[in-house]
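Student: Sequence and computational prediction follow.
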Amino acid sequence: MPMTMTQKILADHAGLDSVAPGDLIEAKLDYVLGNDVTTPPAIKVFEKLGVKEVFDKDRVLLIGDHFTPNKDIKSAELNKTMRCFAREQEITHYYELGRKEMGIEHVIIPDNGIVLPGDLVIGADSHTCTYGALGSFATGVGSTDLACAMARGVTWFKVPEAIRVNLNGSFKKFVTGKDLILNIIGKIGVDGALYKSLEFGGEDISALSMDQRLTVCNMAIECGAKNGIFPVDNCTLEYISKTNPGRFNKNGYKVYTADEDAVYSDVLNINLDDIDLTVALPHLPSNTKKASECSDLKIDQVVIGSCTNGRLEDIGTAAAIFKGLKVHKDVRCIVIPGSQRVYRQALDNGWLQILDDAGCVISTPTCGPCLGGHMGVLAKGERCVSTTNRNFVGRMGDVDSEVILSGVPVAAASAVLGRVGTPDEL
Amino acid sequence: MKVSGKVFKYGDNIDTDVIIPARHLTSADPEHLKEHCMEDIDKSFKDRVKPGDIMVAGKNFGCGSSREHAPVAIKASGISLVIANDFARIFYRNSINVGLPILECPEAAAGIKEGDEVEADFDTGVITDKTTGESFQAKAFPEFIKNIMASGGLVGYTESELRV
């Protein structure tokens, strides 16, 4: 029976020759991930199970990024709980703030060379689906699943069917992977891929850099998808040869390819030339519109960062747009490099100086304002253009505040213009 | 097993940020979470909800974050069952894992109104709107979920697997 990429990875990890959509399988996990919000409840369950040790201390990833640096006493307690557990269990991939490996979980896990092609990953964070960009299967779960997975290193899955997304052509100037994924969500809706895989392919996946593929897969969850996944190509191999030369040179990864005759529930053919700079207006990521049609919307804040758009390429794009310009007098622009490594590289490249000169504030890596945690929460009636992933009611602060999602070029241009706008207007 | 109660009705795409806003995630204590359940779209929910009441909603209930705090908050508030057209997958999985009963039934999600008295039988999947007299057939739980439920949730299931 022909299989998709996702189905092949699941079959292999379940020790089966093949699987079909709807099959229930128990599969071995390569990595299990939790953060400062989801891990503390999982630790409680773990202790209740009476298990002494995690299944593999190198394969449990514990990253405190949501409310760090601790925003208040309660979040300090959450992080302390996780830290104590990580030390007790001698977790390899637990890092303290400021270390070069540290940052937002979905930025550092690919960048530190932890997840590689063919891996199977679950994480107690919905944006775990990010790692599909590397040709791995990765999906979000809750804290109880995390606890049981930390104990046994296996979990159950229902094998998903897939929507195939064929990418052809090339992007217009300033258009990025963020515009592509917003367009897909706008087209199929926030439940358009519910329970399914979003499998990318086509002639021109090479039009997307690895940072952009990570952005695209990151937001697969916003159309309900179980996972997003890209085929492995030269771009992937070059990326992992740098992030994990040891495993790369030993062929410690596996490339899966969808069968030619794999069955898809739907096929989307997308011409990248047709994609415009896009925003998602409040209060759903599917509420998309051309950025150029929203120039009457004045803004109070811009956020550039998050697990969606806090990577090196994103910070570089922001610096290129802000160079020689100033943030509008009525706007606060908060730039959050996604990891300590991104921060340092941006510093070495002179990008942080450009952003500082423009009047941006530069934050330590954190999820912070994306989920209304800290470092940029909105007041009643305020409006923010943000490169994050969700614009739900109250997501970034007051229930009467608004978040408009965009890619970095629109966010940076809007910060300068004081309203929604595009770099062409600068 | 049967449950019955008064209906709180909501629309499509009820996301986990409105079920329990992230600003309240600094504690996972059910008693804390229930104080803030649904507050961003229905401020009076926590004061009006009574043990046994039933939540009915449209498409894609529980979309967004993977926070298990969302089904925990609903369960702690006293809700005995959520009926929806369909559920976002992580929420669906989390609900089963923490023991919040959920039923997918597009007809019931469309037909039942705010304030109706509704009864549901988990064994048969039959949902009855006692206010209108209408009844609906929900999809029964698949076998594997029944197994997890029989073990008292995922924790019990994992405990028994670990003992083998």
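Tutor: Ah, there it is.

Student: tell me the mean pLDDT for stretch A:325-345?
Tutor: Along stretch A:325-345, the predicted local confidence has a mean pLDDT of 98.

Student: before we move on, what about stretch B:83-92?
Tutor: Per-residue confidence for stretch B:83-92 averages out to 95 on the pLDDT scale.

Student: got the CA positions of stretch A:417-426 in PDB?
Tutor: Extracted in PDB, the C-alpha atoms of stretch A:417-426 (Å, rounded to 0.1, in the frame of the first residue of the first chain):
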ATOM      1  CA  LEU A 417       4.500  53.800   9.000                       C
ATOM      2  CA  GLY A 418       2.400  53.700  12.200                       C
ATOM      3  CA  ARG A 419      -0.200  51.700  10.400                       C
ATOM      4  CA  VAL A 420      -0.400  48.500   8.500                       C
ATOM      5  CA  GLY A 421       1.800  48.800   5.400                       C
ATOM      6  CA  THR A 422       4.400  47.200   3.200                       C
ATOM      7  CA  PRO A 423       8.100  47.900   2.600                       C
ATOM      8  CA  ASP A 424       7.300  49.300  -0.900                       C
ATOM      9  CA  GLU A 425       5.800  52.300   0.800                       C
ATOM     10  CA  LEU A 426       9.000  53.200   2.700                       C
END
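
Student: Need the residues that contact it.
Tutor: Taking C-beta atoms under 8 Å, 6 or more residues apart in numbering or on different chains as the criterion, the residues outside stretch A:417-426 that touch it are A:174, A:277, A:279, A:291-292, A:294-299, A:321, A:325, A:328-331, A:385, A:404, A:406, A:409-410, A:412-414, A:416. Where you see a C-beta, it was placed from the backbone N, CA and C, and this is true even at glycine.

Student: One more: stretch A:396-404?
Tutor: Contacts for stretch A:396-404 (C-beta under 8 Å, 6+ apart): A:279-283, A:294, A:297, A:299, A:303, A:369-372, A:376-386, A:388, A:390-391, A:393-395, A:420, B:40.

Student: Do I have it right that residue A:145 meets residue A:123?
Tutor: No: proximity of residue A:145 to residue A:123 does not meet the contact threshold set by C-beta atoms under 8 Å, at 9.7 Å.

Student: related to what we said a few turns ago, show me the contacts of stretch A:417-426 that map onto strands.
Tutor: A:279, A:385, A:404, A:406 (DSSP state E).

Student: Just list the residues touching the first one, thanks.
Tutor: Contacts for residue A:279 (C-beta under 8 Å, 6+ apart) come out as A:182, A:288-291, A:294, A:385, A:404-406, A:410, A:420.

Student: Just give me the closest of those to chain B.
Tutor: Nearest to chain B among the contacts of residue A:279 is residue A:405, at 13.4 Å by C-beta to the nearest C-beta.

Student: what separates whichever strand or helix holds residue A:150 from the chain centre, distance-wise?
Tutor: Here residue A:150 is covered by helix A:143-152, with elements defined by DSSP states H and E. Relative to its chain's centre, helix A:143-152 lies at 22 Å (C-alpha atoms, centre = their mean, to the nearest Å).

Student: so what does it touch, helix or strand wise?
Tutor: Helices and strands touching helix A:143-152, as assessed by 3 or more C-beta pairs under 8 Å, 6 or more residues apart in numbering or on different chains; DSSP states H and E, comprise strand A:31-35, helix A:39-49, strand A:120-123, strand A:154-158, helix B:89-98, helix B:154-163.

Student: Tell me which helix or strand comes right after the fourth one.
Tutor: Once strand A:154-158 ends, the next helix or strand along the chain (criterion: DSSP H and E) is strand A:162-168.

Student: and residue A:205, how far is that from chain B?
Tutor: As judged by C-beta to the nearest C-beta, to the nearest Å, residue A:205 and chain B stand 25 Å apart.

Student: If we ignore the residues flanking it in sequence, what's nearest that residue?
Tutor: residue A:167 (5.5 Å; C-beta to C-beta, 6 or more residues apart in numbering or on different chains).

Student: pretty sure that neighbour is touching residue A:201, no?
Tutor: Yes: the pair residue A:167 / residue A:201 is scored as a contact, 7.4 Å apart, by C-beta under 8 Å.

Student: neighbour-wise, which of those two wins?
Tutor: In terms of neighbours (other C-beta atoms under 10 Å in any protein chain shown), residue A:167 is the more surrounded of residue A:167 and residue A:201; the figures are 25 against 20.

Student: re the thing from before, quick one, which of the contacts of stretch A:396-404 are buried?
Tutor: Applying 16 or more other C-beta atoms under 10 Å in any protein chain shown to the contacts of stretch A:396-404, the neighbour count classes A:279-281, A:283, A:294, A:297, A:299, A:303, A:369-372, A:376-378, A:382-386, A:388, A:390-391, A:393-395, A:420, B:40 as buried.

Student: since we're on residue A:52, how many residues are nearby?
Tutor: Number of residues near residue A:52 (other C-beta under 10 Å) recorded here: 8.

Student: so where do the helices sit in the chain?
Tutor: In the absence of a named chain, chain A is used. For chain A, applying DSSP state H gives helices covering A:5-14, A:39-49, A:73-88, A:105-111, A:143-152, A:177-188, A:210-218, A:234-243, A:245-249, A:306-309, A:312-322, A:340-348, A:351-358, A:408-417.

Student: wait, chain B
Tutor: Taking DSSP H as the criterion, chain B carries its helices at B:16-19, B:30-34, B:45-48, B:69-76, B:89-98, B:106-111, B:143-150, B:154-163.

Student: The third one and chain A in contact?
Tutor: Spelled out, it's helix B:45-48. No: judged by C-beta under 8 Å from any C-beta of the partner chain, helix B:45-48 makes no contact with chain A; its nearest approach is 13.5 Å.

Student: what's in contact with that helix?
Tutor: The list of residues contacting helix B:45-48 from outside it, by C-beta under 8 Å, 6+ apart, reads B:8, B:34-39, B:77.

Student: If we use 6 Å, what do you get?
Tutor: With C-beta atoms under 6 Å, 6 or more residues apart in numbering or on different chains as the contact definition, helix B:45-48 has outside contacts at residue B:38.
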